[in-house]
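> okay, predicted coordinates and the sequence, questions at the end:
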Amino acid sequence: MLTTLGKQGDFKDNVLRVNVPRNDLHVVIDGVATPTPFGFGGWLGLTKGTGGMDVMMGDLVLTEDEVNPVMSALLTNGLDVTALHNHFFFDTPRIYYMHVHGHGMASDLATKVKPALALIGAHPPAASAASAGRAITGTLDSAALAKIVGYDGEQNGAVYKITIGRPDMPLKEMGATINSRMGLNTWAAFYGSDADAVIAGDIAMLDREVTPVLKSLRASGIDVVAIHHHMTGTRSAGDLPALLGKGRRAEAGDRVSIGHRSDGRAPEDNGGAEVGRSASRDAALIYVAAFLRSSAVGLVGVLLAIALTEAGVSVAGTGMVIGAGLAGIAAMTVVVTFAADRLGRRRTLIMASLLTGLGYLVGRNVSAAGVADPRGISRHAQRHGA
């Protein structure tokens, strides 16, 4: 894939990460000249799914003139665009972020995304003296930032970036785990000096965490510049508010730490408490649903056996009917499981509900026509020696 795209990348945690940086751009944000690692490093992530269906996700950094040509190239080649948003205010040139998504063989995905990548940077905007921006001199105390936030980061040139995964969001697609390297993470990039620093980043949240995080960010003086999804067809995972702030190093670190803690995960527990709460809640819902479903199936089986017996159906005939029903349930469970991975849970549930209703109508009509005569079932069982 790297050879096909002519890009560099690395493989870790079952994800091939392809770098698509915008080194061709000179971006000024609110009068400050910012380096590429501050938030202009586009990327593609590829992880292996089941049945030969790999999953590709990515975030492409585009100028406003590139947005629609790149989008058309992606859509024309069978890829999905799942979000388009800004990440900054007062930026020159205007920069936008486009999320790309696709399934298929790695070689096919590379071929599909290549035409879009070829458009990126093909016509860079002309630089102007008015947009030169001021440079920030000095360095950041990265160790102090890591201590404040509670997580270690990585130094990339003049930018110190802290990335925090969300392992409490057990998100899968096509059988593949969607982890931090596939974009399911919170990150904050710091640039400047201890006395004059700027920060940008994303916070990955569940729907119930959105409002508390926004309140915390605003109360701490951090600008919220966008709220968006990274994926479609998921269970409320991946609401991402883009954030932007300026101030002294200690203040910036404290503010992003407060914002991150509001998503329910304190740094000192490294996510353990939230993992337990989220897992316990999901497990409880699954157990309750399984109990209700099993109880309903069992009750229907008992009532059906009584009805068939009263109608004169033999024990063998009753067993055949109930056995066929249980076999059908088991087979459909397998079908629905694979369908949910490919079509999404919501679509699968809607289709299953429609099929259930259709089955009821067909069964009712067949019964009304006399085809489903219980005595016929009994005679069929007797003829086969049951």
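Yep, that arrived.
> which residues of the stretch 51-200 of the chain score low on pLDDT?
Counting by pLDDT under 70, the ranges of the stretch 51-200 of the chain that qualify are 127-131.
> and the strands in it, which stretches?
If DSSP state E, counting those that start in this stretch is used as the criterion, the strands of the stretch 51-200 of the chain fall at 54-63, 80-86, 91-92, 95-104, 154-156, 159-165, 172-173, 176-177, 185-192, 197-202.
> turn those strands into TSV, including distance to Asp10 and mean neighbour count.
Heads up, the C-betas are built off the backbone N, CA and C, glycines and all. Converted to TSV, those look like this (distance: least, Cβ to Cβ, whole Å; neighbours: other Cβ atoms under 10 Å):
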stretch	distance to Asp10	mean neighbour count
strand 54-63	15	23
strand 80-86	24	17
strand 91-92	28	20
strand 95-104	19	21
strand 154-156	13	13
strand 159-165	14	21
strand 172-173	21	17
strand 176-177	18	20
strand 185-192	16	24
strand 197-202	21	24
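> distance to Val334 added to those strands, as JSON lines?
JSON lines is the format used below for those (distance: least, Cβ to Cβ, whole Å):
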{"stretch": "strand 54-63", "distance to Val334": "22"}
{"stretch": "strand 80-86", "distance to Val334": "27"}
{"stretch": "strand 91-92", "distance to Val334": "50"}
{"stretch": "strand 95-104", "distance to Val334": "21"}
{"stretch": "strand 154-156", "distance to Val334": "44"}
{"stretch": "strand 159-165", "distance to Val334": "32"}
{"stretch": "strand 172-173", "distance to Val334": "17"}
{"stretch": "strand 176-177", "distance to Val334": "20"}
{"stretch": "strand 185-192", "distance to Val334": "33"}
{"stretch": "strand 197-202", "distance to Val334": "37"}
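> mean confidence score for stretch 5-13?
Along stretch 5-13, the predicted local confidence has a mean pLDDT of 94.
> got the buried residues for it?
By neighbour count, with 16 or more other Cβ atoms under 10 Å as the criterion, the buried positions of stretch 5-13 are Leu5, Lys7, Gly9.
> with stretch 117-133 instead?
Leu117, Leu119, Ile120, Gly121, Pro125, Ser131, Gly133.
> kindly report the same for stretch 299-318.
Buried residues in stretch 299-318, counted by 16+ other Cβ under 10 Å: Ala305, Leu308, Val313, Ser314, Gly317, Thr318.
> the helix or strand that contains the fifth one packs against which elements?
When elements are defined using DSSP states H and E, Gly317 is found to belong to helix 315-343. Using 3 or more Cβ pairs under 8 Å, 6 or more residues apart in numbering; DSSP states H and E as the contact criterion, the neighbours of helix 315-343 among helices and strands are helix 272-310, helix 345-368, helix 374-383.
> just want the angle from it to strand 95-104.
Between helix 315-343 and strand 95-104, the angle comes out at 140 degrees (axes from the mean of the first three to the mean of the last three Cα atoms, to 10 degrees).
> ok so, going back, closest one to Val300 among the strands of the stretch 51-200 of the chain?
Each of the strands of the stretch 51-200 of the chain has some distance to Val300 by Cβ to Cβ; the shortest is strand 172-173, at 31.5 Å.
> and that closest one, how far out from the chain middle?
Here strand 172-173 shows a centroid-to-chain-centroid distance of 8 Å under the convention Cα atoms, centre = their mean, to the nearest Å.
> now stretch 41-60
Per Cα atoms, centre = their mean, the displacement of stretch 41-60 from the mean C-alpha position of its chain is 12 Å.
> stretch 202-218 now?
When distances are taken as Cα atoms, centre = their mean, stretch 202-218 is centred 16 Å away from the chain's centroid.
> tell me the one among the buried residues of stretch 5-13 nearest to Gly104.
Among those, Leu5 lies closest to Gly104 (Cβ to Cβ), at 14.9 Å.
> contacting residues around that closest one?
Taking Cβ atoms under 8 Å, 6 or more residues apart in numbering as the criterion, Leu5 is in contact with Val18, Leu44, Ala110, Val113, Lys114, Leu117.
> for the residues you listed, pick the one with the most neighbours.
When neighbours are counted as other Cβ atoms under 10 Å, the busiest of these turns out to be Val113, with 26 neighbours.
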